[in-house]
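Q: turn this into a structure:
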Amino acid sequence: MKTVLVVEDEAVALEDLRDSLLEIDPTLEIVGVQSATEALELIGSRKSDNSRRFDGVFLDIELPGMSGIQMLERMTKPLPPVVLVTAHAMMALDAFGFGVMGCLLKPVDQQRLRRAYLEMKAVADAPPATESQAADYVQGSESRVLLRDRNGIHMVQVLDFSYLNDENGSTRIFFGNHSVVVPHSLTDMEAGLDREHFFRVNAETIVNLDKVTHYTTSPTGLFVAGLPDGSAAEFSPERSRIFQSRFEL
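A: Below you'll find the model as predicted:
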């Protein structure tokens, strides 16, 4: 881990984050900019020089002109490890599917920053991923998202989703003993999920294959997935055939 890009429009907050990171790792080179446009230009200028690429990015979401989410959309894949920094947790939901490592809420707690930096460093210092591993990372299989319900805010690893259901054009995500509705279609959510772990069983439901408790068949011969909360999801005829072919059943 050599160089980190910090994108933060408030000068005082930028300097505070820079100082906090240097306290954690005094050898770190930190490049700070105050807009997404500057950040993209700087990243673009480094594309041709592998030795000067950023090892990680700390990215504010609320930025002038172009938001941090819009910046993620424009960045070349695969992304470097990215940690979001925001005062508004719900805004981080729009980063789903980009493979962000996590989110820090302002004011940034030093211990949480340390943990986020060490996780980022572990990813940056790891051996190069294979093509399939890189694809999984882009799809967000290891990312965490912030989900809000009446009990508060949950930071949930994507692989802890047990299943997702369409709910009038939005999506209800089930995890543990909770479920939360997010303002994204099931198809949009599917695009950000790792197909190795998640499987769309019908038009309304995507299941996490690792969370399925058992499989049965319906009277018509279609597969039925038992889910952790005791419910079940019946495969459509087409998805049942695809599932059978994929797993050579």
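
Q: quick one: furthest residue from the center of the chain?
A: residue 219 (38.4 Å; C-alpha atoms, centre = their mean).

Q: residue 234 versus that one, what's the distance?
A: Noted for residue 219: a distance of 11 Å to residue 234, by C-beta to C-beta, to the nearest Å. Heads up, the C-betas are built off the backbone N, CA and C, glycines and all.

Q: residue 38 too?
A: For residue 38, the distance to residue 234 - C-beta to C-beta - is 51 Å.

Q: that older thread, the residue farthest from the centre of the chain belongs to a helix?
A: No - the assignment for residue 219, made by DSSP: H, G, I helix; E, B strand; the rest coil, is coil rather than a helix.

Q: quick one, phi/psi of it?
A: Here the main-chain torsion angles of residue 219 (degrees, to the nearest 10) amount to phi -60, psi -20.

Q: before we move on, what about residue 194?
A: Main-chain dihedrals, residue 194, degrees, to the nearest 10: phi -80, psi 120.

Q: distance of it relative to residue 82?
A: 17 Å.

Q: more neighbours, those two?
A: Counted by other C-beta atoms under 10 Å, residue 194 and residue 82 do not tie: residue 82 has more neighbours, with 25 against 18.

Q: so what's the more buried one bridging to?
A: Following DSSP bridges, residue 82 is listed with bridge partners residue 57.

Q: equivalent analysis for residue 163, please.
A: Residues in beta-bridge contact with residue 163 (DSSP bridges): residue 174, residue 207.

Q: which parts of this structure are helices?
A: Using DSSP state H, the helices of the chain run over 11-24, 36-45, 68-74, 110-125, 131-138, 186-191, 237-246.

Q: what's the angle from the longest one to helix 11-24?
A: The directions of helix 110-125 and helix 11-24 differ by 70 degrees, with axes from the mean of the first three to the mean of the last three C-alpha atoms, to 10 degrees as the criterion.

Q: can you tell me what sits against helix 110-125?
A: For helix 110-125, the external contacting residues (C-beta atoms under 8 Å, 6 or more residues apart in numbering) are 1, 4, 17, 20-21, 23-25, 55-56, 80-81, 83, 101-102, 104.
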